[in-house]
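Visitor: Quick one: sequence plus predicted model below, questions after.
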Amino acid sequence: MQGIQRWEGALGIAAAVLFVGAVLGFGAALPLFDSIGHPVALLGAMGVPHALAFNIVGFALPGLLASLVALRLLLRVPRTAPWSMRVGAQLLMLAGVGFTAMGVLPLDTSDLDNPASQYHASAWMVWVLAFVPGAVMSGIGALRLPAWRAVGALHLACGLGVLLAAFALQALLPAPLAQRVAFGAWLVWLVAVLPLAPGARRA
């Protein structure tokens, strides 16, 4: 059982390492890329060198791993747990799909108003609008179970962190920097949620 838990715990770490490594590595390789002033999605935009590789390593694979993290979390939820924990975990799986979609639907920097760029923006919104309620619902339910209270606090902190960064911090910080704060809150959730969660489903 401990071996399985360690393997599951590595899923979130792998997703975070892939994303952060891709942003740092591809960002360093792209001339004039500003790690604070430019959005992460620029690294995978149409016409940018190595965009396909970034979209696979930076968006698609981390998103798929995030969905798997949420699935493994769902499988640990006790059968008698509040319904919000199960529904919340399903929304967290959808958030992973939305993150993957950001790599499948890259930006077109030549026209930010064309359908390609709008599809990318829609994928971003799917990620945010699935993760935030999923994390909040899971957190509220988890706080009602003594063994899950640490997980509940993590859910609520990261869900509210993504919410504030995606919709409020842009009034105080440059939008690309606020986006990175949102990504950071999500990465904290990815890395910590399975190690904190009780290891076996209980009746």
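Guide: Yep, it's here.

Visitor: how much space between residue 39 and residue 23?
Guide: Separation of residue 39 from residue 23 (Cβ to Cβ, to the nearest Å) stands at 11 Å. C-beta here means a position set from N, CA and C on the backbone, and glycine is covered the same way.

Visitor: Buried residues, the lowest-mean-pLDDT helix or strand in the chain. List them.
Guide: Ranked by mean pLDDT, DSSP states H and E, the weakest helix or strand in the chain is helix 2-29, scoring a mean of 88. By 16 or more other Cβ atoms under 10 Å, the buried positions in helix 2-29 come out as 5, 8-9, 11-16, 18-19, 22-23, 25-27.

Visitor: wait, what's in contact with the nearest residue to residue 163 once chain neighbours are set aside?
Guide: Computed as Cβ to Cβ, 6 or more residues apart in numbering, the closest residue to residue 163 that is not its neighbour in sequence is residue 132, at 4.7 Å. Counting by Cβ atoms under 8 Å, 6 or more residues apart in numbering, residue 132 touches 159, 160, 162, 163, 166.

Visitor: Regarding residue 152, what is its secondary structure?
Guide: Under DSSP: H, G, I helix; E, B strand; the rest coil, residue 152 falls in the helix class.

Visitor: contacting residues for it?
Guide: Here residue 152 is in contact with 138, 139, 140, 141, 142, 143, 144, 145 (Cβ under 8 Å, 6+ apart).

Visitor: Residue 67 is in what secondary structure piece?
Guide: helix 61-76 (DSSP states H and E).

Visitor: which helices and strands sit right next to that helix?
Guide: helix 2-29, helix 83-104, helix 175-196 (3 or more Cβ pairs under 8 Å, 6 or more residues apart in numbering; DSSP states H and E).

Visitor: Make TSV from those helices and add distance to residue 67 to it.
Guide: Conversion of the helices and strands packed on helix 61-76 to TSV gives the following (distance: least, Cβ to Cβ, whole Å):
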stretch	distance to residue 67
helix 2-29	10
helix 83-104	3
helix 175-196	11
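
Visitor: Can you check which of the ones you listed gets nearest to residue 64?
Guide: Residue 64 sits nearest to helix 83-104 of all these, at 5.6 Å, using Cβ to Cβ.

Visitor: What's the first helix or strand after that closest one?
Guide: helix 115-142.

Visitor: what angle separates that next one from helix 175-196?
Guide: If you take axes from the mean of the first three to the mean of the last three Cα atoms, to 10 degrees, helix 115-142 sits at 40 degrees to helix 175-196.

Visitor: Show me which parts of helix 115-142 are buried, residue by residue.
Guide: Neighbour-count burial for helix 115-142 [16+ other Cβ under 10 Å]: 116-117, 119-120, 123-124, 126-142.

Visitor: pretty sure residue 48 is touching residue 110, no?
Guide: No - assessed by Cβ atoms under 8 Å, residue 48 is found out of contact with residue 110, at 11.1 Å.
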